[in-house]
Structures are given as structure tokens and as C-alpha cells.
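Okay, here's the prediction I keep looking at, along with the sequence it came from:
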Amino acid sequence: MRLATYLQAGQERLGAVDGNGYVDLNRAYAALRRSQGADAGQAAAEADALVPADVLRFLALGAPAVDAARAAVAHVSGIDVDAARADLLAVAAREVTLLPPVPRPPKIICVARNYAEHAREAGLEISPIPIVFARFAETLVADGGAVVRPTVSEQLDWEGELAIVIGKGGRHIQREEAMDHVAGYSIFNDVTVRDFQFRVTQYTSGKNFSASGPFGPHLVLADEVADPHALEIRTEVGGVLKQTGNTSDMIYDIPTIIEHISEWITLEPGDVIPTGTPAGVGFKRNPPEFLRAGDTVSVTVEGLGTLTNPVVAEAETAA
């Protein structure tokens, strides 16, 4: 199952991707319970408790919520489409505003230099432990949303990545159990302002400009991804291939990353962990290449879809 978070009529909703639209999981589960004899109030209360419209609450509930969501989707698929639409159970993608799959993650912890070729192209050593840095939720951009090229820099660069979304939280998670803590996967573009990144030893400013963190389009649940360590990653700018790699080339695999991070902080449902980028970033090209207003940047991860975002100048956003 693939999950989407979106705005519909001003309300934030959680849906399952269904063709060119979404099944509203909370409303669909309420409809399922009504069909089973529950009155409207009881059905709504059960849906709010078991299949909430908020993705963080949904992820915290774990397997029971996922099972109930699947039952709700199956129910909608078995009833008349027009009837379903009349009850707002299924909506077309054009009728909603897509949000990042987890709009307000408790934490975004990014992994740096996790591909050897990327470390080499940057002229940096391969670290003996995972290098991590924090991103802020305020920087996130949904699929289709605009990445903003800041007025203070011309060095806006792309970094296509696989992102992990945590389902079951925990501290001191052992690598043998780490994959049980993964709810699913998505796509991240760790857009970076290079001169701000490298003018100090800390990455924080260069990695946290407003509207610089494309994330989405959907959250693909873990059971749909046979092997997250064997996925092709491609980044294109204006349809021109800039990056290609495979998650099999990661220096530190997902269990190692989760074990390392949980040594020092408690992971929570909805935490997002972008796992690093392959070689092919712009600042190490000859000559260097950077994103400009009018560009379109797309990241594709095999089996997860494509995350596409236009680039606009900061001045345009203030107009």
C-alpha cells in the first residue's frame, strides 16, 4: 500500500493511492463499519481511533492501523465508484493538494557521504561511522511544489536519495531488529546551498534553506519493497540525467544507520532518514552546475516513483 497526505477542502487527510486518485482511509473505514452494522457515530469514532487522518498517529498505531486501512481500501474497491465519490471516499489527484508524505516529521536525520563515489568526487574521506546531520521540517516541499533558489547564493545543488520512514520507535535498536522499525520508503532530494554548506564545518545552514527539501510523492509501505538495498536512483535536471546509482552501493546499510542513530537518540514514528546520495552532484562537475530558476529537477527511485519539483527564484515567492 502507498500512502499520501493531502489537503482536501482545507483539511489534512491520509489516503491510499488508487490509480489516479486516493482512497480516504479514515472515511473509508467508517463506511466499512457502517456496512457491518455500526451506527454513524460509532463508525466515525472507531475510524478516528484506528485509522486516523493524521499520518503520525497512523504510523504510531502500527500493524493494526495498516490492516484496518487495507480492509477499508478493499471495501471501497467493491462498491460503486459514484457512490464512493459521493461519500468522499475516493478523490481524484487533481482535486487535492499533495503534501509531503509525512508533513511534520518529529525528526529528519540525513546521512552524508554514504556512497563511496560521491565521497571521492567531493574529495572527502570515507567515514568509519555514518555521518549524520539534521534537517528541519519547515524546509520540506511536496511533489510538484517549488524549490526556492535563494537570493544569497547561486550554488543550489541537487542530491537524489532514498528516504526511510520510521514506524516503530525505539532506542538502542540492534541491527538484527532494525528493519522491523521501518514503516516504509519514499524519495528525498537533499537540495543544498553549497557555499553555505562549506563555509563552516557544520552543514546546518547549507542544508536548511527554506523550501529546499523535496520529499515524496508517497510513502510506500515496507512490504511493497522487496529489497531496499537494490534500488536504482536517478536524478534529472530538465530531462538530462545527472545522477545514477543503486542503493546496493551504500557504504552503510539501513540496519547500520538505524542502529547508529538510535545509539544516541530515541527514534519515533514518522522520523525521516534520507540515506545519502550517489555521485553526480553539480558542484563537482567541470564546470560546476547549479540549479536555476526555471529548471525542473526529478528524482526517481526504482519501485517508489518520481519526485519532481520546479525551481523558482526567491524573489518570485515574495511577489
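Now that the structure is in, tell me what you want to look at.

Please parse this structure into its domains.
2-98, 108-318 (automatic domain parsing).

would you turn these into a markdown table with mean neighbour count and mean pLDDT?
The way it works is simple: take the backbone N, C-alpha and C, and place the C-beta from them, glycine included. Listed next are the domains of the chain as a markdown table, based on neighbours: other Cβ atoms under 10 Å; pLDDT from 0 to 100:
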| stretch | mean neighbour count | mean pLDDT |
| --- | --- | --- |
| domain 2-98 | 18 | 93 |
| domain 108-318 | 19 | 95 |
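
Which of the helices or strands spans residue 148?
strand 147-149 (DSSP states H and E).

What is the helix or strand just after that strand packed up against?
With elements assigned by DSSP H and E, the helix or strand that comes after strand 147-149 is strand 156-157. Here strand 156-157 touches strand 192-193, going by 3 or more Cβ pairs under 8 Å, 6 or more residues apart in numbering; DSSP states H and E.

Work out the gap between the strand it packs on and the centre of the chain.
18 Å (Cα atoms, centre = their mean, to the nearest Å).

how about residue 288, secondary structure?
Per DSSP: H, G, I helix; E, B strand; the rest coil, the secondary structure class of residue 288 is coil.

how about residue 255, what does it touch?
Residue 255 sits next to 175, 176, 178, 179 when contact means Cβ atoms under 8 Å, 6 or more residues apart in numbering.

mind putting those in a markdown table, secondary structure and distance to residue 226 included?
A markdown table is the format used below for these (DSSP: H, G, I helix; E, B strand; the rest coil; distance: Cβ to Cβ, whole Å):
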| residue | secondary structure | distance to residue 226 |
| --- | --- | --- |
| 175 | helix | 19 |
| 176 | helix | 19 |
| 178 | helix | 17 |
| 179 | helix | 12 |
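
What is the nearest of these to residue 17?
Proximity of the contacts of residue 255 to residue 17 (Cβ to Cβ) peaks at residue 179, which lies at 22.9 Å.

residue boundaries of the strands in the stretch 101-250 of the chain?
108-112, 131-135, 140-141, 147-149, 156-157, 160-166, 182-189, 192-193, 213-221, 232-237, 240-246 (DSSP state E, counting those that start in this stretch).

What pairs with the fifth one, parallel or antiparallel?
On the basis of DSSP bridges, the sheet neighbours of strand 156-157 come out as strand 192-193 (antiparallel).

Run through who's touching the strand it pairs with.
Contacts for strand 192-193 (Cβ under 8 Å, 6+ apart): 150, 153, 155, 156, 157, 159, 205, 206, 207, 209, 212.

can you check stretch 227-247 too?
Residues contacting stretch 227-247 (Cβ under 8 Å, 6+ apart): 115, 117, 158-162, 164, 182, 185, 189, 222, 225, 248, 250, 253-254, 275, 277-282, 289, 291, 295-304.

so how far does that stretch reach from one end to the other?
The first and final residues of stretch 227-247 sit 10 Å from each other (Cα to Cα, to the nearest Å).

Which of the contacts of stretch 227-247 fall within helices?
Under the assignment DSSP state H, these contribute 117, 254 to helices.

Next up, the contacts around residue 119.
113, 125, 126.

for residue 102, same thing?
Going by Cβ under 8 Å, 6+ apart, the list of residues near residue 102 reads 5, 55, 56, 59, 165, 215, 219, 270, 272.

Okay, and the third one sits in which element?
With the criterion set as DSSP H and E, the secondary-structure element containing residue 56 is helix 55-61.

Which is the succeeding secondary structure element to that helix?
Assignment by DSSP H and E places the next element after helix 55-61 at helix 63-77.
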